[in-house]
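Q: pasting the structure only:
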């Protein structure tokens, strides 16, 4: 499957891939073998041309009037998403949001296993959330080494986020998923995916206004 | 401030606005009166030309060598973001994620007040999370009428999300903030902002791969 040029896939397509993957797997369970882009578009509330263009990135071709081979399509999408390989993660900040992420079993389907929590609060140390233990920040080094941690998830308050990012980077983590509403300063070889709820809220609030002004 | 054409503002600019707003307010507290785009760019880890382009949407002009009047800039950005008007919201699904959102006090700074929770679990009814009461789904109509609810937030599991969306829409809510990993079917006059963590994870996982392949 090395002919797939993953670097060329546009972000909007990439963002739709998890939905395709889940949907196609639900068909697979029903014993379906071939699927048409029209059916996918209908069921996922997209336009068929969009689905066709997205599927082109898998480098597979659908058979006319029959569609795509379901198993090959799932395999190609999982390859694109990297969900055929698991990544271990730890989460820094075991507040409500941290607990929500720790408790969300669904991430395993997406190749992510959050194996532990990190928190400064001594009362939380040694306790478990959804079967995952909470450790003090000083333990990050040991956790990373023993569990091949690839991703650090940051759910601490804004004012502690940079400190946690520095600590993760110092311990060899090169991918951060940042839920704190701040822009992190990291070395060039570290990837940061920002999850900013205030930004999303800004987009929503703007779209509400546009709707009213129509 | 009606000369600002809010519809023309690109989404990436809009997404940076909350960070500008928070940052500028932190300067304002320090008694600063003028701010330069170079200073903003430095402190927020952006390139100056980007900040200049973003600030152009406020229709204000900075004075050469002095910069922008801080108060006018904050006012214009808040107008763009709609944070000078509060929106009331209710949240459907008081699990870990729902609790995290209910407990996050920061939304008030962004013009959003989540005034109540909705959950099917009878054990949760009448209980409070962060001072907000949890009601059964049948109460949505009354809540909407009594509190001028503009936004419905959906944090229920995927399989119940469409049902909750239908219930919100039936009760006159025209803006949904959807955290469930499904595409909602809603009438054309309803605005949906999707918050899909699986999609973000897909983007992160892809970027990690690209980094490794470099």
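A: Happy to help now that I have it. In this text, all values refer to a predicted model and were calculated from it rather than measured experimentally.
Q: chain A: strands as residue ranges?
A: Applying DSSP state E to chain A gives strands spanning A:34-35, A:68-69, A:87-92, A:112-118, A:128-129, A:132-135, A:149-154, A:175-178, A:191-194.
Q: chain B: which of the ones you listed is closest?
A: Minimum separation from chain B across these (CB to the nearest CB) falls at strand A:191-194, 3.9 Å. Bear in mind the C-beta positions are built from the backbone N, C-alpha and C, glycine included.
Q: that older thread, dump the strands of chain A into CSV; add mean neighbour count, distance to residue A:101 and mean pLDDT as well.
A: Putting those into CSV (neighbours: other CB atoms under 10 Å in any protein chain shown; distance: least, CB to CB, whole Å; pLDDT from 0 to 100) gives the following:
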stretch, mean neighbour count, distance to residue A:101, mean pLDDT
strand A:34-35, 18, 32, 95
strand A:68-69, 20, 33, 96
strand A:87-92, 24, 6, 93
strand A:112-118, 22, 6, 93
strand A:128-129, 16, 10, 92
strand A:132-135, 19, 10, 96
strand A:149-154, 24, 6, 94
strand A:175-178, 23, 9, 93
strand A:191-194, 19, 13, 87
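Q: now those as a markdown table including distance to residue A:44?
A: What follows is the strands of chain A, written out as a markdown table (distance: least, CB to CB, whole Å):
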| stretch | distance to residue A:44 |
| --- | --- |
| strand A:34-35 | 11 |
| strand A:68-69 | 14 |
| strand A:87-92 | 26 |
| strand A:112-118 | 23 |
| strand A:128-129 | 33 |
| strand A:132-135 | 32 |
| strand A:149-154 | 28 |
| strand A:175-178 | 25 |
| strand A:191-194 | 23 |
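Q: got TSV for those, with distance to chain B too?
A: Formatted as TSV, the strands of chain A follow (distance: least, CB to the nearest CB, whole Å):
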stretch	distance to chain B
strand A:34-35	17
strand A:68-69	20
strand A:87-92	7
strand A:112-118	6
strand A:128-129	9
strand A:132-135	13
strand A:149-154	7
strand A:175-178	5
strand A:191-194	4
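Q: quick one: closest of the ones you listed to residue B:161.
A: strand A:112-118 (21.4 Å; CB to CB).
Q: now the angle from that closest one to strand A:149-154?
A: 60 degrees (axes from the mean of the first three to the mean of the last three CA atoms, to 10 degrees).
Q: give the contact list for the closest residue to residue A:52 other than its chain neighbours.
A: Among residues not flanking residue A:52 along the chain, residue A:37 sits closest, at 4.8 Å (CB to CB, 6 or more residues apart in numbering or on different chains). Contact analysis of residue A:37 by CB atoms under 8 Å, 6 or more residues apart in numbering or on different chains lists A:48, A:51, A:52, A:55, A:62, A:67, A:68.
Q: again, 10 Å this time
A: A:46-55, A:62, A:67-68 (CB atoms under 10 Å, 6 or more residues apart in numbering or on different chains).
Q: which of those residues fall within helices?
A: Filtering the contacts of residue A:37 for membership in helices, criterion DSSP state H, returns A:48, A:49, A:50, A:51, A:52, A:53, A:54, A:55.
Q: using ChimeraX, define a selection of the buried residues within these.
A: Buried subset of the ones in helices among the contacts of residue A:37, written as a ChimeraX selection, criterion 16 or more other CB atoms under 10 Å in any protein chain shown:
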select /A:50,51,54,55
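Q: which of the ones in helices among the contacts of residue A:37 lies closest to residue A:97?
A: Closest to residue A:97, out of all of the ones in helices among the contacts of residue A:37 and judged by CB to CB, is residue A:54, at 30.6 Å.
Q: next, format the ones in helices among the contacts of residue A:37 as a markdown table and append pLDDT.
A: What follows is those, written out as a markdown table (pLDDT from 0 to 100):
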| residue | pLDDT |
| --- | --- |
| A:48 | 88 |
| A:49 | 90 |
| A:50 | 90 |
| A:51 | 93 |
| A:52 | 93 |
| A:53 | 92 |
| A:54 | 93 |
| A:55 | 95 |
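Q: got the ones in helices among the contacts of residue A:37 as TSV, with distance to residue B:101 columns?
A: Formatted as TSV, the ones in helices among the contacts of residue A:37 follow (distance: CB to CB, whole Å):
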residue	distance to residue B:101
A:48	35
A:49	36
A:50	30
A:51	32
A:52	37
A:53	34
A:54	31
A:55	35
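Q: closest to residue B:28 among the ones in helices among the contacts of residue A:37?
A: Of all these, residue A:50 has the smallest distance to residue B:28: 44.2 Å, by CB to CB.
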